[in-house]
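Novice: Next one to model:
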Amino acid sequence: MTSASSVRTFEVRHVQIVRAAFAALAAVMITFTSDHSAAVGMAVFSGFAIATGLVLLLSVWLVYPAGRRWPAAAVGAVTLVAGMVGGLMPLRTVIGFFVVVIAWAVLSGVLEALAGWQGLRARTVRREIVPGIADARPAAPVGPRSESRDAVVVGAVTLLLALALLFVQPAYALDYTIEEAHQTFTLTGVTIGVGIFGGYAAIVAVYLAIAGFSPRAPLPVTTESPDGALAAPRADAALRIDPADQKDPA
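Specialist: Below you'll find the predicted structure:
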């Protein structure tokens with residue numbers, strides 16, 4: 001058996017940093033593009049979703065141990081499929097943009113928030129351990145609290161994206177004139193929708209970047225069998241020993 005940390009080069013922080021980079025790229029492309037049409041918005045979303053989905057699916061094998069892979073696999077699959085659907089030219093319409101982005105935001109937001117909530121809930125469960133007797137039962141694999149918290153936040157923000165887009169009327173159109181420029185412009189529903197997605201991407205980019213670069217406490221020692229399955233924790237790791245109870249060997 002080998003230590004999980006010794007065989008895994010990539011960590012969750014690397015996934016967060018790469019996701020932040022793709023989200024920032026999407027936000028920059030929308031912010032500095034004057035054309036906020038459905039075709040442009042769908043193209044940016046498609047690239048963002050495909051890249052993010054591939055990163056999450058790769059992290060299933062490169063980052064997460066057995067027992068903690070389903071959130072990355074589920075969110076990655078949903079995101080990748082949404083990006084591929086968004087790349088279809090017949091769907092690059094106003095209605096297509098709202099339907100695809102809202103559907104993706106609801107599914108991925110629920111999955112990521114649920115995974116984070118389960119992680120937080122699992123850490124609050126305390127087993128009854130008889131003093132002096134180690135619990136040999138294998139514990140369910142639980143990631144760091146910060147990872148679960150970040151998943152809840154990103155999932156909640158993604159659900160807020162879906163909610164915000166639901167309040168936008170795709171057929172909305174408002175003509176306005178800028179006197180200094182002597183030009184008349186039209187504010188449309190898809191322009192608002194693409195702008196909202198750009199704002200979402202910027203928020204996610206900042207949050208995940210901060211989470212990825214923040215210092216973290218070292219993970220507890222876990223072991224894996226050669227086939228990748230988690231082995232039972234060591235007996236000396238099952239008990240929590242208060243440092244105040246440890247006696248000086250001298």
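
Novice: Longest helix in the protein, please.
Specialist: Longest helix in the chain by number of residues (criterion: DSSP state H): helix 94-124.

Novice: what ranges of this structure fall below the confidence cut-off?
Specialist: The chain contains residues with pLDDT under 70 at 1-8, 123-143, 181, 216-250.

Novice: Kindly confirm my reading that Thr177 is in a strand.
Specialist: Yes - membership of Thr177 in a strand is supported by DSSP: H, G, I helix; E, B strand; the rest coil.

Novice: Make sure it is actually in contact with Leu187.
Specialist: No - taking Cβ atoms under 8 Å as the definition, Thr177 is not a contact partner of Leu187, at 11.6 Å. Glycine gets a C-beta too; all of them are placed from N, C-alpha and C.

Novice: Looking at those two, which one has more neighbours?
Specialist: Counted by other Cβ atoms under 10 Å, Thr177 and Leu187 do not tie: Leu187 has more neighbours, with 13 against 10.

Novice: If we ignore the residues flanking it in sequence, what's nearest that one?
Specialist: Of all residues not flanking Leu187 in the chain, Leu174 sits nearest, at 4.4 Å (Cβ to Cβ, 6 or more residues apart in numbering).

Novice: And for Phe185?
Specialist: Tyr176 (5.9 Å).

Novice: And that neighbour, how close does it get to Phe167?
Specialist: According to Cβ to Cβ, to the nearest Å, Tyr176 stands 20 Å off from Phe167.

Novice: Val157 now?
Specialist: Separation of Val157 from Phe167 (Cβ to Cβ) stands at 16 Å.

Novice: ok, those two, which is more surrounded?
Specialist: Using other Cβ under 10 Å, the more surrounded residue of Val157 and Phe167 is Val157, with 17 against 8.
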